[in-house]
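>>> One predicted model, sequence on top.
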Amino acid sequence: MDFDLARRAVPVPAALLLLLTSACTGENAAPAPVAPTQPPVVVLIQAPAATSTTTASIAEPTSEPARATVAPDARPLRLGGLARWRPAVENYAPSVQLANTTALNGARSPFATYLVAMHNRIHPIFADEYLGTLGNLPKDHPLNQDLTAALEIVLNRDTGKVVRMGVVRPSGMTEFDLVALSAVDRASPFGRAPDVIASPDGNVYVHWEFHRDPVDACTTRNAWPFILKSAP
């Protein structure tokens, strides 16, 4: 059943709605009205249409048991909402293979500078917006446990846009993994990268951990840069 959001205030955390909607559109969407005294619910995202703006709808209340990988008070995302990220969360094959990497050497310092620039764009979205909303949940809520999702991020050197991205180590909570992916996607492009940090195929390779802990969150100390010997 669809709901008329223009006539009915729906208790959705603003930042969570913004993040998950952007996972399909790649754009910053206006947050839905928030009723601060009501518990959060998961946003169901329609698959993006070629000629129209994606519309978010809200799940109907249900008494069905929750799945193991989502919050117990939430319905799973529709297939349309997961379709974009399915290759990134299911059997993702990393481009970085240790046998095909080389020492950073002189690229270490410019790579570190570029990671800081990336972090400055990712942090407000992942840490400030998303993690900031989770404090309203009960302490024993699954999303308030010790969660870590590790992503592989592949960027185009010239534009800083995401070429390929996927989960190399899942957190155990699909929602958390999707938000990490969405945060990077929304934060991009990151600008032209120094030539010295690019691999032979012209791409920049990074593995980055995203933590539920607000201190670790998306800090650059949990980001590992790589230069490949040859194109994967």
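Sure, I can see it. Residues are numbered from 1 along each chain as shown.

>>> Please make it C-alpha for all contacts and neighbour counts, starting now.
Noted.

>>> quick one: the strands in this structure?
43-45, 56-58, 101-102, 148-156, 162-169, 203-211, 223-228 (DSSP state E).

>>> Can you lay out these as TSV showing mean neighbour count, distance to residue 91 and mean pLDDT?
Shown next, in TSV, are the strands of the chain (neighbours: other CA atoms under 10 Å; distance: least, CA to CA, whole Å; pLDDT from 0 to 100):
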stretch	mean neighbour count	distance to residue 91	mean pLDDT
strand 43-45	24	22	37
strand 56-58	19	27	32
strand 101-102	14	22	97
strand 148-156	23	13	98
strand 162-169	20	9	97
strand 203-211	23	16	98
strand 223-228	20	21	98
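
>>> So residue 178 is in contact with residue 84, correct?
No: under the criterion of CA atoms under 8 Å, residue 178 is not in contact with residue 84, lying 10.3 Å apart.

>>> When these two are compared, which one has more neighbours?
It is residue 178, of residue 178 and residue 84, that has more neighbours when counted by other CA atoms under 10 Å, with 22 against 15.

>>> ok, back up a step: so which of the strands of the chain gets nearest residue 128?
strand 203-211 (12.8 Å; CA to CA).

>>> what sits up against that closest one?
96, 146-157, 180, 193, 197-199, 216-218, 220, 222-227 (CA atoms under 8 Å, 6 or more residues apart in numbering).

>>> Residue 91: how many residues sit nearby?
11.

>>> Distance-wise, check it relative to residue 169.
10 Å (CA to CA, to the nearest Å).

>>> Same list, the strands of the chain, but as JSON lines with distance to residue 187 please.
Shown next, in JSON lines, are the strands of the chain (distance: least, CA to CA, whole Å):
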{"stretch": "strand 43-45", "distance to residue 187": "20"}
{"stretch": "strand 56-58", "distance to residue 187": "21"}
{"stretch": "strand 101-102", "distance to residue 187": "26"}
{"stretch": "strand 148-156", "distance to residue 187": "12"}
{"stretch": "strand 162-169", "distance to residue 187": "10"}
{"stretch": "strand 203-211", "distance to residue 187": "14"}
{"stretch": "strand 223-228", "distance to residue 187": "16"}
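
>>> Any idea which of the ones you listed gets closest to residue 132?
strand 203-211 (12.8 Å).
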